[in-house]
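Undergrad: okay, here's the prediction I keep looking at, along with the sequence it came from:
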Amino acid sequence: MEKNENEKIEVIEKHNQEKGILLLYVNDVRAGEMTFVFAKEDKIIVDHTGINEEFEGRGYGKILVEKIVLFARENHIKIIPLCPYAKRVINSTEEYHDILN
């Protein structure tokens, strides 16, 4: 099932100095999340990406990866992708290689 153009997609970022989470909402329903921890001042470790079962297979995980890459670029930090999904997407997307540690 593909995502619908009329869907309202929102990603909410929450973090402190130690860890953070990106929360993905589709039409105001929580659809997934990505968690990360700060490793020193200039690195984050992405340790989990999860999409709820009813939203799987529609590209929402990639939206979370796009958001974490944007977060890294805006904050001048690098990403260490320990999460297998995030690692696969970042490694296979050449334009994301600038944020790799």
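TA: Sure thing, it's come through.

Undergrad: what's the average pLDDT for stretch 73-90?
TA: Computed over stretch 73-90, the mean pLDDT rounds to 97.

Undergrad: how far does that stretch stretch from one end to the other?
TA: 14 Å (C-alpha to C-alpha, to the nearest Å).

Undergrad: tell me the buried residues in that stretch?
TA: Neighbour-count burial for stretch 73-90, counted by 16 or more other C-beta atoms under 10 Å, picks out 77, 79, 80, 81, 83, 85, 86, 87, 89, 90. For the C-beta atoms, the positions are set from N, CA and C on the backbone; glycine is no exception.

Undergrad: identify the residues contacting that stretch?
TA: 34, 39, 41-49, 61-62, 64-65, 68-69, 72, 91, 96-101 (C-beta atoms under 8 Å, 6 or more residues apart in numbering).

Undergrad: go again using 7 Å as the cut-off
TA: 39, 42-49, 61-62, 65, 68, 72, 96, 99-101 (C-beta atoms under 7 Å, 6 or more residues apart in numbering).

Undergrad: which ones among the residues you listed are found in helices?
TA: The helices, defined by DSSP state H, take in 61, 62, 65, 68, 72 from the contacts of stretch 73-90.

Undergrad: filter the residues you listed to the buried ones?
TA: With burial judged by 16+ other C-beta under 10 Å, the buried subset of the ones in helices among the contacts of stretch 73-90 is 61, 65, 68, 72.

Undergrad: what is the mean pLDDT for stretch 18-37?
TA: 97.

Undergrad: do you know how far the closest residue to residue 48 other than its chain neighbours is from residue 70?
TA: Excluding its sequence neighbours, the residue lying closest to residue 48 (C-beta to C-beta, 6 or more residues apart in numbering) is residue 35, at 4.4 Å. As judged by C-beta to C-beta, to the nearest Å, residue 35 and residue 70 stand 17 Å apart.

Undergrad: quick one, which of these two is more surrounded?
TA: Remark: of residue 35 and residue 70, residue 35 carries more neighbours, 17 against 13, as counted by other C-beta atoms under 10 Å.

Undergrad: for the helix or strand that that one is a member of, packing partners?
TA: Here residue 35, judged by DSSP states H and E, is contained in strand 29-38. In terms of contacts (3 or more C-beta pairs under 7 Å, 6 or more residues apart in numbering; DSSP states H and E), strand 29-38 is packed against strand 19-26, strand 43-51, helix 60-74.
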